[in-house]
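Novice: After the sequence you'll find the predicted model.
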Amino acid sequence: MASQFVTEVSDSNFEQNVLKSEQPVLVDFWAAWCGPCRALAPVVDEVASQYNGQLKVMKMDVDKNNATPSRYGIRGIPALLIFKDGKVADQIVGFVPKDTIDKSISKVLAAATV
């Protein structure tokens, strides 16, 4: 499901790959049965290639990983959380247009460069 710029992340490697990342990380919480998640997947792939080098993009299957989604209060999917310095910097829930995601990422990246 992941593209060349998108990495699968799990409960076991979440801390290492996301919370300890030098770069901001966008995590897409999704499930195979979720139609809006599948519709959002190409947008997430596009975002991943567009921001390659500035932002890591990862996907987490909520059916295979329960600890992390419950830790961050994920109740609806798709849910995009942007982590910066080990904390949630922004979050988007539901299927949204790419420019909504771009605005959110730009805000986090702008804060990262200050």
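Specialist: Sure thing, it's come through.

Novice: Lowest-scoring secondary structure element of the protein by mean pLDDT?
Specialist: Lowest by mean pLDDT, DSSP states H and E among the helices and strands of the chain is helix 98-113, with a mean of 90.

Novice: starting at the chain centroid, how far to stretch 98-112?
Specialist: Here stretch 98-112 is found 12 Å from its chain centre; the criterion is Cα atoms, centre = their mean, to the nearest Å.

Novice: Give me the residues contacting the least confident helix or strand of the chain.
Specialist: 24, 26, 43-44, 46-47, 51, 54-55, 80, 82, 84, 89-90, 92 (Cβ atoms under 8 Å, 6 or more residues apart in numbering). The C-beta positions use only the backbone N, C-alpha and C, and glycine is treated the same way.

Novice: Please pick the buried ones from these.
Specialist: Taking 16 or more other Cβ atoms under 10 Å as the criterion, what is buried in those is 24, 26, 43-44, 46-47, 51, 55, 80, 82, 84, 89-90, 92.

Novice: Run through the bridge partners of the residue most central in space within the chain.
Specialist: Central residue of the chain (Cα atoms, centre = their mean): V27, 1.8 Å from the mean position. On the basis of DSSP bridges, V27 is bridged to M58, L81.

Novice: correct me, but it touches P78?
Specialist: No: V27 is beyond contact range of P78, at 10.7 Å (criterion: Cβ atoms under 8 Å).

Novice: which ones are touching the residue nearest to the centre of the chain?
Specialist: 9, 18, 58-60, 80-83.
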